[in-house]
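Chemist: structure here, sequence nowhere to be found:
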């Protein structure tokens, strides 16, 4: 049983390696052009923790491990231009994600090897998803069909 699993794993790695060699890699100039013309969806392949610390503005976060659970967030059009990126030239998560995207039928996937470090270095638009470390207890008071929490009024059904 172990040898069968090992063989299957080896074949999967080989298939991924072959597919990874077929990937189209773009440089910063092309990534910038695609970003500025809004002709591509940028997908950050890094872990959520790194994504929240800073990422290319408007990017979607999809890791290799989460790919199956996040397929619903991907474009329905399999010809949509997708830019996969991660943590720079030595990072291979963007390659792995691009292979998964291609295997899922996406035909227009490219890899930006400079990734977020190059994007940040070139002072391009980024976003940070900062989460407060302190957890405050929110008091909610019902007032008919609306609620008030932290000074904001929430109306039910709207």
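Modeler: Structure received. These numbers come from a predicted model, not from an experiment.
Chemist: distance of the spatially closest residue to residue 104 that is not a sequence neighbour relative to residue 92?
Modeler: Distance criterion CB to CB, 6 or more residues apart in numbering; nearest residue to residue 104, sequence neighbours excluded, is residue 71 at 6.9 Å. For the C-beta atoms, the positions are set from N, CA and C on the backbone; glycine is no exception. For residue 71, the distance to residue 92 (CB to CB, to the nearest Å) stands at 21 Å.
Chemist: again, but for residue 67
Modeler: 15 Å.
Chemist: now the strands for the chain?
Modeler: Per DSSP state E, the chain carries strands over the ranges 24-26, 41-44, 55-56, 60-61, 82-85, 109-112, 126-127, 141-143, 146-149, 152-155.
Chemist: mean pLDDT for the ones you listed: which is lowest?
Modeler: Lowest mean pLDDT within these: strand 141-143, a mean of 51.
Chemist: correct me if wrong: residue 102 contacts residue 111.
Modeler: No. Taking contacts as CB atoms under 8 Å, residue 102 lies outside contact range of residue 111: 10.7 Å.
Chemist: so between these two, which is more surrounded?
Modeler: Each of residue 102 and residue 111 has its neighbours counted (other CB atoms under 10 Å); residue 111 has more, 25 against 18.
Chemist: I'd assumed residue 22 was in contact with the more buried one.
Modeler: No. At 10.9 Å, residue 111 does not count as touching residue 22 under the criterion of CB under 8 Å.
Chemist: list of residues touching stretch 89-104?
Modeler: 16, 19-20, 22-23, 43, 45-46, 62-64, 67, 71, 74, 82, 84-87, 109-115 (CB atoms under 8 Å, 6 or more residues apart in numbering).
Chemist: gap between residue 51 and residue 111?
Modeler: Distance from residue 51 to residue 111, by CB to CB: 17 Å.
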